[in-house]
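1. build the 3D model from these lines:
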Amino acid sequence: MADKAGGELSSQWNEDDPILDEISFDELEAIEINLLLDGIYNVYGFDFRNYLRSSLRRRIQHRMNLEGLPTITSLLEKVLHEPGFMEKLQNDFSIKVTEMFRDPSFFASFRNEVIPMLRDLPEIRIWHAGCATGEEVYSMAILLQEEGLLDKTKIYATDMNEQVIQSAKLGKFSIKRMQTFTKNYLQAGGTKEFSSYYSADYEFAMFHPYMKENMMFAQHNLATDRSFNEFHVILCRNVMIYFDTELQRRVHDLFYESLASQGFLALGNMESMISVHKAQYEDFNPTERIFRKFSSNG
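-> I've put the predicted structure just below:
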């Protein structure tokens with residue numbers, strides 16, 4: 001591009017350029033984050049574009065600090081050109097905060113109020129969406145075993161992160177966490193010795209193989225993937241708090257499509273049904289965020 005004197009303009013921006021003065025640091029950062037998320041989606045198919053920016057920004061900054069990178073653009077360069085780097089970033093973006101019988105009052109309510117509604121079904125299909133490392137999946141298996149329903153239940157556990165799915169399949173957890181898990185189990189109404197469900201060494205507790213016989217683990221991205229079965233129960237607890245309103249709406253559409261008539265949807269204690277979907281569900285237990293899809297017959 002020529003300037004008024006007929007010379008060529010420099011391709012380098014000067015730090016005193018008035019154009020830069022008009023763009024704030026926050027605006028530049030937002031542009032870089034958009035470019036990063038677009039690059040991830042276009043190259044790898046993982047869609048984080050509707051995740052809450054406040055959460056993503058912290059996770060991006062964490063990875064930049066670990067890698068010693070000065071800008072988000074330099075992070076994008078590694079994502080696009082360094083084999084295996086995307087796996088690191090995907091792991092950073094995954095939500096892995098979970099524990100067995102998390103929020104014991106939820107599992108107690110599920111046992112006392114939802115289980116009676118499932119008992120007469122010939123087969124029960126349950127979907128744990130965003131299962132992370134599987135603690136709540138094994139919690140549900142224990143509850144169903146104690147209620148005599150595990151043998152006729154298929155538990156589908158999915159997460160976008162293949163690494164945590166492989167971890168969940170093992171049913172292997174740090175022995176240091178067992179004290180907390182046991183306390184939660186008892187508060188949730190457990191009826192046996194919690195230790196009867198696993199064997200242990202000095203480092204790990206390994207849940208018995210029969211617990212996993214009716215579990216199916218698979219990679220599934222709530223942002224991009226479609227329904228894959230019809231379920232009597234869908235649990236997606238404390239996952240959508242990381243989604244913006246548009247993505248929450250799309251995921252709720254997916255869950256509604258995937259639920260059988262009079263099926264149950266369980267959300268986290270920090271989540272609520274968004275207004276556009278409220279008319280489609282009964283507030284089965286508002287305190288524990290358990291909703292029941294209205295019958296297709298009205």
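2. C-alpha from now on. contacts and neighbour counts both.
-> Fine.
3. list the contacts of the most centrally placed residue in the chain.
-> Nearest to the geometric centre of the chain sits Gly130, at 3.2 Å (C-alpha atoms, centre = their mean). Gly130 is in contact with 157-160, 236, 239, counting by C-alpha atoms under 8 Å, 6 or more residues apart in numbering.
4. just how off-centre is the longest helix anywhere in the chain within its chain?
-> Longest helix of the chain, by residue count under DSSP state H: helix 25-44. Centroid separation for helix 25-44 versus its chain: 21 Å, with C-alpha atoms, centre = their mean, to the nearest Å.
5. which secondary structure element of this structure has the lowest mean pLDDT?
-> Of the helices and strands making up the chain, the lowest-confidence element is helix 18-21, at a mean of 52, by mean pLDDT, DSSP states H and E.
6. which residue, other than its chain neighbours, is closest to Phe106?
-> Take Phe106 and drop its neighbours on the chain: the residue closest to it by C-alpha to C-alpha, 6 or more residues apart in numbering is Glu288, 5.5 Å away.
7. is it correct that Ser199 is in contact with Met206?
-> Yes - Ser199 is within contact range of Met206, at 5.3 Å (criterion: C-alpha atoms under 8 Å).
8. give me the more crowded residue out of the two.
-> When Ser199 and Met206 are compared for neighbours, Met206 comes out ahead with 17 against 12, by other C-alpha atoms under 10 Å.
9. so after the helix or strand encompassing that one, what's the next helix or strand?
-> Met206 is part of strand 204-207, with elements assigned from DSSP states H and E. Counting by DSSP H and E, the next helix or strand C-terminal to strand 204-207 is strand 215-219.
10. what are the contacting residues of that next one?
-> Strand 215-219 is contacted by residues 154-162, 165, 168-169 when judged by C-alpha under 8 Å, 6+ apart.
11. quick one: buried residues of that strand?
-> By 16 or more other C-alpha atoms under 10 Å, the buried positions in strand 215-219 come out as 215, 217-219.
12. what is the lengthiest strand in the chain packed up against?
-> In the chain, assigned by DSSP state E, the strand with the most residues is strand 259-267. Helices and strands touching strand 259-267, by 3 or more C-alpha pairs under 8 Å, 6 or more residues apart in numbering; DSSP states H and E, are strand 231-236, strand 290-293.
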